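Undergrad: Got a sequence here, can you build the structure:
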Amino acid sequence: MAAPRRAFLDVDIGGHRAAHARAEAFVAATSLRYGLSSPALAELGGSERARLPELYAADHEWGARGPIALAPAAAERIVVELLEEAAPNCAANFAALCDGGRGKAKGSGLPLSYKGARLHRLVPGMMVQGGDFVKGNGAGGESVFGGTFKDEKGALAIKLDRRGLVAMSNTGKNSEHGRARGGERARRRLHGERVANVRRSSDRPRRASTIAAPALPRLRTLSCSQRPLDSPRPPAPPFSLLAGNGSQFFITLSAQPKLSGKHCVFGSVVSGLEVLDAIEGVGADDGERPLREIVVANCGLL
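TA: Sure thing, here's the model as predicted:
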């Protein structure tokens, strides 16, 4: 039996790659001006490297170009082993988007590749989500098959029982978001809003538009869950605005038993858990957006 295929994502956190490249360029351009022993950053001694931040900040030509990093990132690569037997379509889609050799997407016309795509959503202790190479915010993306594709039974059967599992983000009937749509409509009506369905073209997911209605007395609890209205909302499940599986995926940061059976699991992180630690350490704002930009700087197959 052939060994399982593996794909990799090289993750750049907070523009570290650009900051290091800027430091290398600064040394190459100014080594004679500042009496440095070499135009190569890697060849400088410890005392010279220690001087660089001060020299850079005081340099009128370079100081305003952005921060510098004297060393490359300690770890960037996440290696995913693909579960092709249980999730052949999901695994093939992820592998092709990592490889980047399928040309351009039919819908957006953009390259079918994760390279340059952001990890746009982070819930520390739960998951990190990315793969929207079209809009970069969870509202876009496309599979290599064109549009989206259906869930796979074998992939749904795999439990999200540990850190480092890779699964599809979707709004299909098996997803938490798909099952919650009816509850969301009920919640809107309960708050005095009227919800109408808007018919769209077949290549777009159906969405609901909210139309203002006369205000009704605000109720203290939701009939569907009995959760007080002023209590914090739990983190939303990992979903995209696409109906079905496209290009978006998430990586678990802990076991997520409530999501098992609702998202197709197609891979497992076999190397780079320390990169997940670094990603989780970035933190997120109230909108679950990472506090620093996290980008797939490179990707491919091993």
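Undergrad: show me where the stretch 51-200 of the chain has strands.
TA: 77-82, 121-123, 127-130, 165-168, 194-198 (DSSP state E, counting those that start in this stretch).
Undergrad: What sits closest to residue 150 if chain neighbours are left out?
TA: Excluding the flanking residues, the one nearest residue 150 by Cβ to Cβ, 6 or more residues apart in numbering is residue 244, at 6.4 Å. From N, CA and C alone the C-beta is placed, and that goes for glycine too.
Undergrad: between the strands of the stretch 51-200 of the chain, which one is nearest to residue 35?
TA: strand 77-82 (36.8 Å; Cβ to Cβ).
Undergrad: same for that closest one, what does it pack against?
TA: strand 6-13, helix 88-99, strand 265-271, helix 273-282 (3 or more Cβ pairs under 8 Å, 6 or more residues apart in numbering; DSSP states H and E).
Undergrad: Pairing partners for the first one, with directions?
TA: For strand 6-13, sheet partners with direction are given as strand 77-82 (antiparallel), strand 294-301 (antiparallel), following DSSP bridges.
Undergrad: Surely residue 298 touches residue 115?
TA: Yes: counting by Cβ atoms under 8 Å, residue 298 does reach residue 115; the two are 6.1 Å apart.
Undergrad: okay, and for the stretch 101-250 of the chain, where does confidence drop off?
TA: Along the stretch 101-250 of the chain, the model assigns pLDDT under 70 to residues 171-243.
Undergrad: Apply 50 and report the result again.
TA: For the stretch 101-250 of the chain, the stretches flagged by pLDDT under 50 are 172-192, 195, 197-214, 216, 219-229, 231.
Undergrad: Report the separation between residue 64 and residue 76.
TA: 27 Å (Cβ to Cβ, to the nearest Å).
Undergrad: Could you do residue 9 as well?
TA: Remark: distance between residue 9 and residue 76 (Cβ to Cβ) = 9 Å.
Undergrad: Give the residue from those two that has the larger number of neighbours.
TA: Neighbours were counted for residue 9 and for residue 76 using other Cβ atoms under 10 Å; residue 9 has more, 28 against 20.
Undergrad: picking up where we left off before, which of the strands paired with strand 6-13 is buried the deepest?
TA: strand 77-82 (a mean of 21; mean count of other Cβ atoms under 10 Å).
Undergrad: by how many degrees do that one and helix 88-99 diverge?
TA: 150 degrees (axes from the mean of the first three to the mean of the last three Cα atoms, to 10 degrees).
Undergrad: Which residues does strand 77-82 contact?
TA: Residues from elsewhere that reach strand 77-82, judged by Cβ atoms under 8 Å, 6 or more residues apart in numbering: 4-11, 91, 94-95, 166, 251, 266-272, 275-276, 302.
Undergrad: Is it possible to mark the buried ones in these?
TA: Listed as buried from these are 5-11, 91, 94-95, 166, 251, 266-269, 271-272, 275-276; burial here means 16 or more other Cβ atoms under 10 Å.
Undergrad: what comes up buried for stretch 66-79?
TA: 68, 69, 70, 73, 75, 76, 77, 78, 79.
Undergrad: now swap in stretch 132-141 and tell me
TA: So, applying 16+ other Cβ under 10 Å, buried residues of stretch 132-141: 132, 133, 134, 135, 136, 138, 140, 141.
Undergrad: which of those residues sit farthest apart?
TA: That would be 133 and 138, which, of the buried residues of stretch 132-141, are the farthest apart (Cβ to Cβ) at 11.7 Å.
Undergrad: Contact partners for the spatially most central residue of the chain?
TA: Closest to where the C-alpha atoms of the chain average out (Cα atoms, centre = their mean) is residue 130, at 2.0 Å. Residue 130 makes contact with 114, 117, 118, 119, 120, 121, 248, 249, 250, 294, 296 under the criterion Cβ under 8 Å, 6+ apart.
Undergrad: Quick check: ChimeraX command selecting the buried ones in those.
TA: Selection of the buried residues among the contacts of residue 130 in ChimeraX, burial being defined by 16+ other Cβ under 10 Å:
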select :114,117,118,119,120,121,248,249,250,294,296
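Undergrad: would you list the contacts of residue 130 in TSV and tack on distance to residue 15?
TA: Below are these laid out as TSV (distance: Cβ to Cβ, whole Å):
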residue	distance to residue 15
114	18
117	15
118	12
119	14
120	16
121	19
248	23
249	23
250	23
294	10
296	13
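Undergrad: helix, strand or coil for the residue in the chain sticking out farthest from the centre?
TA: Relative to the centre of the chain, and counting by Cα atoms, centre = their mean, the farthest-placed residue is residue 35 at 43.5 Å. Secondary structure assignment for residue 35 (DSSP: H, G, I helix; E, B strand; the rest coil): coil.
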